[in-house]
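Colleague: show me the folded form of this:
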Amino acid sequence: MRIHPVSTGFAGVCATLMTVMLPSSLPAQPVATVIGTRDDDVVRAAVSYADLNLASARDQRVLNDRVWTASAQVCRKALVSALIPMHRACSTRAFKDAEPQIASAIDRAAAGRVASRSDAIRISVR
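Modeller: Residues are numbered from 1 along each chain as shown. You can find the predicted model right below:
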């Protein structure tokens, strides 16, 4: 069987375009680091913000989204067999408990302090 030269040329162009375009459309790393642990009856998580510039309103929103998502994940682990309204109440409470940490991180960024890799918002739920 013989392959037509136009089809191999077209395939080569497609492969080249995929090679050039694909890496730019995929994120290089995960957006957030969420580490969850369960000790006795407490579920904990840490949400990293070392990759964010919290002096920027956009990155502040990203941090809020990460903390909200982590709060929901922690509550899901803590309240495995609970009803959805209990999960929502737990997530809301966990997020509100984390708000002072978020405000403190934003204040430090406004003062010019750059976050280190170990800086994180800590969430815990019973």
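Colleague: can we go C-alpha only for contacts and neighbour counts from here?
Modeller: Fine.
Colleague: so where is this protein shaky, pLDDT-wise?
Modeller: 1-39 (pLDDT under 70).
Colleague: which elements pack onto the lengthiest helix in it?
Modeller: Counting by DSSP state H, the longest helix found in the chain is helix 84-110. Helices and strands touching helix 84-110, by 3 or more CA pairs under 8 Å, 6 or more residues apart in numbering; DSSP states H and E, are helix 57-78, strand 120-125.
Colleague: want to throw those into TSV with mean neighbour count?
Modeller: Shown next, in TSV, are the helices and strands packed on helix 84-110 (neighbours: other CA atoms under 10 Å):
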stretch	mean neighbour count
helix 57-78	20
strand 120-125	21
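Colleague: among these, which is nearest residue 47?
Modeller: Closest to residue 47 of the helices and strands packed on helix 84-110 is strand 120-125 (CA to CA; 5.0 Å).
Colleague: packing partners for that closest one?
Modeller: strand 42-48, helix 57-78, helix 84-110.
Colleague: for residue 122, name its beta-bridge partners.
Modeller: For residue 122, the beta-bridge partners under DSSP bridges are residue 46.
Colleague: separation between it and residue 105?
Modeller: For residue 122, the distance to residue 105 equals 12 Å [CA to CA, to the nearest Å].
Colleague: please apply the same query to residue 92.
Modeller: In terms of CA to CA, residue 92 sits 20 Å off from residue 105.
Colleague: ok, the two, which is more surrounded?
Modeller: Set residue 92 next to residue 105 and count neighbours by other CA atoms under 10 Å: residue 105 wins out with 23 against 16.
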